[in-house]
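In: Quick one: sequence and predicted model below, then my questions.
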Amino acid sequence: MSVFWSATAFAQVPRLEPPPLVRFTGALLPLEEKNRSSLNTLIVSIKGKKWIFSIAKVEKLTGGSFDGWRLLRDIFPPEVRFLGPEELLSLLQEPEIMGKLLTLEGHLYIGSRMFFVRIVEEAAKNLSGQGLKGFSKLSMAVSLSKSYLTYSKVQNIFEIGS
């Protein structure tokens with residue numbers, strides 16, 4: 001009499017999810033204003049220069065069920081490097097942008113503390129009703145093609161306060 005035993009092992013493959021698409025609303029401030037900032041801030045590095053990003057609102061547009069504020073708590077230390085198309089990063093460093101309420105949309109890579117900026121726009125006109133001179137909503141359409149990202153510039157959608 002012979003007995004055969006068969007053991008089947010099931011390896012659990014980790015579920016890989018793309019980084020969440022996030023929309024931040026807030027203002028970029030000079031690093032010198034760190035002591036005046038609120039609790040909801042990040043130190044951001046844009047092309048090697050550091051800024052304070054004072055965050056008014058976080059919206060998690062894709063991914064799991066928890067909210068955007070939890071994403072911020074998961075970033076430690078609270079420093080993020082902004083990456084993306086040169087046009088958008090240069091726009092974020094313009095002197096007219098500082099202190100203005102902006103909406104930034106992109107993919108947040110929590111583990112590596114990187115934010116890939118896809119959209120930059122002014123969130124609201126300032127109190128005088130004037131927008132930022134020459135500021136246009138610029139977005140980048142990102143498409144996944146043959147396992148690498150390609151970027152195609154989408155035309156300027158509108159111009160604020162020209």
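Out: Structure received.
In: okay, CA-based contacts and neighbour counts for the rest of this
Out: Will do.
In: Show me what the strand or helix carrying residue 89 packs onto, helices and strands only.
Out: Secondary structure assignment for residue 89, by DSSP states H and E: helix 86-92. If you count contacts as 3 or more C-alpha pairs under 8 Å, 6 or more residues apart in numbering; DSSP states H and E, helix 86-92 packs onto strand 114-122.
In: So residue 99: helix, strand or coil?
Out: Of the three states, residue 99 takes coil under DSSP: H, G, I helix; E, B strand; the rest coil.
In: What is the subsequent helix or strand relative to the helix holding residue 89?
Out: strand 102-109.
In: so that next one versus strand 114-122, what angle?
Out: On the basis of axes from the mean of the first three to the mean of the last three C-alpha atoms, to 10 degrees, strand 102-109 is oriented at 160 degrees to strand 114-122.
In: Okay, buried residues for strand 102-109 please.
Out: By neighbour count on 16 or more other C-alpha atoms under 10 Å, the buried set for strand 102-109 is 102, 103, 104, 105, 106, 107, 108, 109.
In: Can you name the residues in contact with that strand?
Out: 19-27, 114-124 (C-alpha atoms under 8 Å, 6 or more residues apart in numbering).
In: Just the buried ones out of the residues you listed, please.
Out: Among the contacts of strand 102-109, those buried by neighbour count (16+ other C-alpha under 10 Å) are 19-27, 114-122.
In: Please enumerate the helices of the protein.
Out: 68-74, 86-92 (DSSP state H).
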